[in-house]
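Chemist: Following is a predicted model, sequence given first.
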Amino acid sequence: MDLSVIIPCLNERESLPGLIGEIDAACEGLGMDWEIVVVDDGSTDGTLEAMEALSESNPHVGVVRLRRNFGKSVALATGFKVTRGDVVITIDGDGQDDPADIPQMLKALDEGSDLVSGWKRDRQDPFARRLASKIFNWFTARVTGVRMHDMNCGFKAYRGECARSIEVYGEMHRFLPVFAVQQGWRVSEIPVNHRPRRHGSSRFGFERYRRGALDLLTVAFLGRYSQRPLHLFGAIGVGLGLLGFLICLYLSIVWIGGQAIGERPLLFLGVLLIVVGVQLFSLGLLGQILVVHRRAGSPEERVWIEEVISPGNDPDLSITRFDAAGSGR
């Protein structure tokens, strides 16, 4: 399969038929085989029944029904799992993204990107939502180092191996470009057309951004320290332990000088800092041991390899065993 288009949706019965028609029209001139996979995230408005009927008349459309409403991250993860396209495109089911932009997204992939994210430069949403999005993207760019105008745009194109290498869980779909960059994939962004919502109502709420701020801390930690937790906890533990040692050393000198230190709060602070420092260092060390054991023989290293070139034609070299990950030759 050349192209898989994933549509995660929740109660989008009215907008989906028109959106699927536009996707078909955009894909017909590409000279590619394509499929459209609608992932129904527990809809209650008849979306599933409408899509089942549409799939009977449209050979490109398939439907995946989740047992209940699990959230967009689970819907996307399910879509990535069931599709096998060389290229994977995700697009929201509300009809605000324009499928006519699919060809330019594919062109950006051909130019060397592994993930192309849409940028709703002229966003057709209420002011409060646009403002919240700008603040969210500003903070995300500075915390993660991934500079994008619209991190959370649902309209994205991936190389198939990139999409299927990213683990999406919780509400981490907002940070898919960050996960891709952390794995070494090339990420770019292009402006896309954004249209006013014609059907249904938005499920936007500021609560999403509060949760998103907490998720951002998780993403930043996983990106920097998931493979080296000792560098974080160990450094903090050593710093606190050293500060506690210096306090206790000062108090020891004072005690030698004849002053009583048994009732001084500074003594309790020094001892507490040493104990907490040792605990944090031990936590980091245990975390590092777990990382080493988890990585031993883990297939996840395959996604780090972009290409393998065998030196010469020596048949004794077994470097091409990594062909499943790269393009050994």
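Modeler: The structure has been received and is ready for your questions.
Chemist: helix/strand/coil for the closest residue in space to residue 42 that isn't next to it in sequence?
Modeler: Ranked by Cβ to Cβ, 6 or more residues apart in numbering and with sequence neighbours excluded, the top spatial neighbour of residue 42 is residue 69, at 3.3 Å. C-beta: built from backbone N, CA, C; applies to glycine. With DSSP: H, G, I helix; E, B strand; the rest coil as the basis, residue 69 sits in coil.
Chemist: I'd assumed residue 41 was in contact with residue 69.
Modeler: Yes. The criterion here is Cβ atoms under 8 Å, and residue 69 meets it with residue 41 at 5.5 Å.
Chemist: Spit out the residues that contact the two alike.
Modeler: residue 10 (Cβ atoms under 8 Å, 6 or more residues apart in numbering).
Chemist: Compute the number of surrounding residues for the residue nearest to residue 42.
Modeler: 15 (other Cβ atoms under 10 Å).
Chemist: repeat for the one 10 residues further on
Modeler: When neighbours are defined as other Cβ under 10 Å, residue 79 has 22 of them.
Chemist: separation between it and residue 291?
Modeler: 29 Å (Cβ to Cβ, to the nearest Å).
Chemist: With residue 150 instead?
Modeler: Taking Cβ to Cβ, one finds residue 150 at 33 Å from residue 291.
Chemist: can you check residue 163 too?
Modeler: Residue 163 is 25 Å from residue 291, by Cβ to Cβ.
Chemist: which one of the two has more residues nearby?
Modeler: residue 163 (29 against 16).
Chemist: who are the neighbours in contact with the nearest residue to the more buried one once chain neighbours are set aside?
Modeler: Excluding the flanking residues, the one nearest residue 163 by Cβ to Cβ, 6+ apart is residue 88, at 4.2 Å. Taking Cβ under 8 Å, 6+ apart, we find residue 88 in contact with 3-6, 79-80, 157-160, 163-164.
Chemist: average model confidence for stretch 158-168?
Modeler: When pLDDT is averaged along stretch 158-168, the result is 91.
Chemist: correction: stretch 111-123
Modeler: On average, stretch 111-123 scores 92.
Chemist: who's in contact with that stretch?
Modeler: By Cβ under 8 Å, 6+ apart, the list of residues contacting stretch 111-123 reads 97, 101, 105, 108-109, 130, 133, 148-151, 153-159, 162, 176-177, 180, 185-194.
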